[in-house]
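Novice: What follows is a predicted structure for the sequence shown.
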Amino acid sequence: MIARYWLLLAASAGVGAILILRRRFAVVTVTGQSMVPALADGDRVLVRRVRLGRIRAGDVVVVEKPDGEAGWRKPPANRVAGHEWLIKRAAAVPSDPLPDSFRACWPALPDELVPAGKLVVLGDSPAGSYDSRVIGYIPGERLLGVVARRMTAGS
């Protein structure tokens with residue numbers, strides 16, 4: 001009877017730990033070549049869920065891909081499955097100066113600094129990268145998190 005109690009307690013603790021880890025971390029697969037050489041198409045990365053205030057310029061981040069030219073029509077995603085994600089490098093965070101490559105694509109912007117609640121992301125391979133040069137600012141609520149590590153290499 002006591003052994004059964006301890007077995008049930010251990011199983012419950014294991015389930016609880018898995019639920020906590022799923023809330024803190026996500027696994028996302030890299031699609032495309034915009035982050036070569038850091039990440040390649042097919043790589044899987046472990047993403048630590050964080051808020052915009054915890055991101056620094058230079059971090060590799062995962063942000064929700066907009067629905068097209070209309071931007072984001074759906075509420076921000078809190079689940080990985082069923083959503084498209086962009087894996088890019090944070091080029092500037094709130095209060096940072098705008099990167100020259102971003103400003104060149106958006107010359108009419110009145111600000112010299114990234115506004116509060118926004119993020120500028122760029123691919124490591126700029127040719128053909130779908131990033132802030134095309135999208136503009138990324139709203140902070142569209143941030144999934146920061147890449148903690150690459151789990152597997154692509155084929």
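Specialist: It's in. Numbers count the residues shown, from 1 in each chain.

Novice: Longest strand of the protein, counting residues only.
Specialist: strand 143-152 (DSSP state E).

Novice: Which residues outside that strand are in contact with it?
Specialist: Identification of contacts with strand 143-152 by C-beta atoms under 8 Å, 6 or more residues apart in numbering yields 25-28, 39, 43-52, 54-55, 59-64, 77, 80, 85, 87, 119. For the C-beta atoms, the positions are set from N, CA and C on the backbone; glycine is no exception.

Novice: Give me the nearest residue to the most centrally placed residue in the chain, chain neighbours excluded.
Specialist: Centroid-nearest residue in the chain, with C-alpha atoms, centre = their mean: Val62, separated by 1.2 Å. Using C-beta to C-beta, 6 or more residues apart in numbering and skipping residues adjacent in sequence, the residue nearest Val62 is Leu144, 4.3 Å away.

Novice: what's the answer for Ala104, then?
Specialist: Going by C-beta to C-beta, 6+ apart, Ala104 has Arg133 as its nearest residue, at 8.0 Å.

Novice: Mind telling me what element that neighbour is part of?
Specialist: Assigning secondary structure by DSSP states H and E places Arg133 in helix 132-135.

Novice: Check which helices and strands that helix sits against.
Specialist: If contacts are counted by 3 or more C-beta pairs under 8 Å, 6 or more residues apart in numbering; DSSP states H and E, helix 132-135 sits against helix 100-105, strand 118-122.

Novice: Name the residues of it that are buried.
Specialist: Going by neighbour count (16 or more other C-beta atoms under 10 Å), the buried part of helix 132-135 is Ser132, Arg133, Ile135.

Novice: Do a quick rundown of the strands in the protein.
Specialist: Under DSSP E, the chain gives strands at 25-29, 44-49, 60-64, 85-92, 118-122, 138-139, 143-152.

Novice: burial of Ala40, as a residue count?
Specialist: For Ala40, the neighbour count with other C-beta atoms under 10 Å is 15.
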